[in-house]
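**Q** fold the following, please.
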Amino acid sequence: MHVFVYGTLMNDFKNSIAEFLRNNSTFIGKGITNGEIYDLGSFPGAVFDENSFNTIYGEVYKITSNIEAVISALDTYEGINDPTFNYYEKKEAFIQVHTTQIKASVYHFKKCPNGFKRIESGDYSKYLDSF
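**A** Sure thing, here's the model as predicted:
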């Protein structure tokens with residue numbers, strides 16, 4: 001199973017869930033897809049839209065061991081089953097990695113993005129480096 005991460009689960013970030021993902025996955029490569037990414041405060045939210053002219057930058061991992069535990073940890077981290085958080089839904093999207101299209105699970109920001117700052121570059125790490 002492939003997963004596309006675009007925020008605090010990327011390699012630049014050091015937290016226990018990001019480490020758990022990396023320890024049980026193979027890094028496939030940096031990826032891009034169509035959509036927009038927003039600054040939600042201490043983390044980003046991405047709206048995946050194949051018709052968008054904007055790009056979301058992230059990383060693709062293939063989960064290779066402890067698959068159910070990794071998926072459960074990612075879902076918990078992203079608040080998938082937490083009705084008090086309720087920011088994301090899990091979807092699938094096609095991610096461009098080098099010359100290949102890979103179908104990957106993504107955490108799609110499902111709330112209205114009005115009022116949140118759009119990250120113009122589409123790259124959360126680059127955006128944080130600008131501060």
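
**Q** which of the residues in the longest strand seen in the chain are buried?
**A** The single longest strand within the chain, with elements called by DSSP state E, is strand 25-39. Using 16 or more other CB atoms under 10 Å as the test for burial, strand 25-39 gives S25, I28, K30, G31, I32, T33, N34, G35, E36, I37, Y38. C-beta here means a position set from N, CA and C on the backbone, and glycine is covered the same way.

**Q** other SSEs contacting it?
**A** With contacts taken as 3 or more CB pairs under 8 Å, 6 or more residues apart in numbering; DSSP states H and E, strand 25-39 sits against strand 2-5, strand 44-48, strand 55-63, strand 88-97, strand 100-109, strand 117-118.

**Q** can you put the ones you listed in CSV and add mean neighbour count?
**A** As requested, those are exported to CSV (neighbours: other CB atoms under 10 Å):
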stretch, mean neighbour count
strand 2-5, 24
strand 44-48, 23
strand 55-63, 21
strand 88-97, 17
strand 100-109, 18
strand 117-118, 12
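
**Q** which of those sits closest to L74?
**A** Across those, L74 has its closest neighbour in strand 2-5 (6.8 Å, CB to CB).

**Q** tell me the first helix or strand C-terminal of the closest one.
**A** Tracing the chain past strand 2-5, the next element assigned as helix or strand by DSSP states H and E is helix 16-23.

**Q** contacting residues around stretch 114-121?
**A** Stretch 114-121 has contacts (CB atoms under 8 Å, 6 or more residues apart in numbering) with E36, I37, Y38, D39, L40, P44, G45, Y57, Y127.

**Q** so where does the last one fall, helix or strand?
**A** Put plainly, it is Y127. Per DSSP H and E: helix 124-129 holds Y127.

**Q** elements contacting that helix?
**A** If you count contacts as 3+ CB pairs under 8 Å, 6+ apart, helix 124-129 packs onto strand 55-63.

**Q** max-length helix in this protein?
**A** helix 67-77 (DSSP state H).

**Q** so what touches stretch 29-36?
**A** 4, 46-60, 93-98, 102, 104, 106, 113, 118-119, 122.

**Q** how much space is there between I80 and T55?
**A** Remark: distance between I80 and T55 (CB to CB, to the nearest Å) = 25 Å.

**Q** brilliant, that's me finished.
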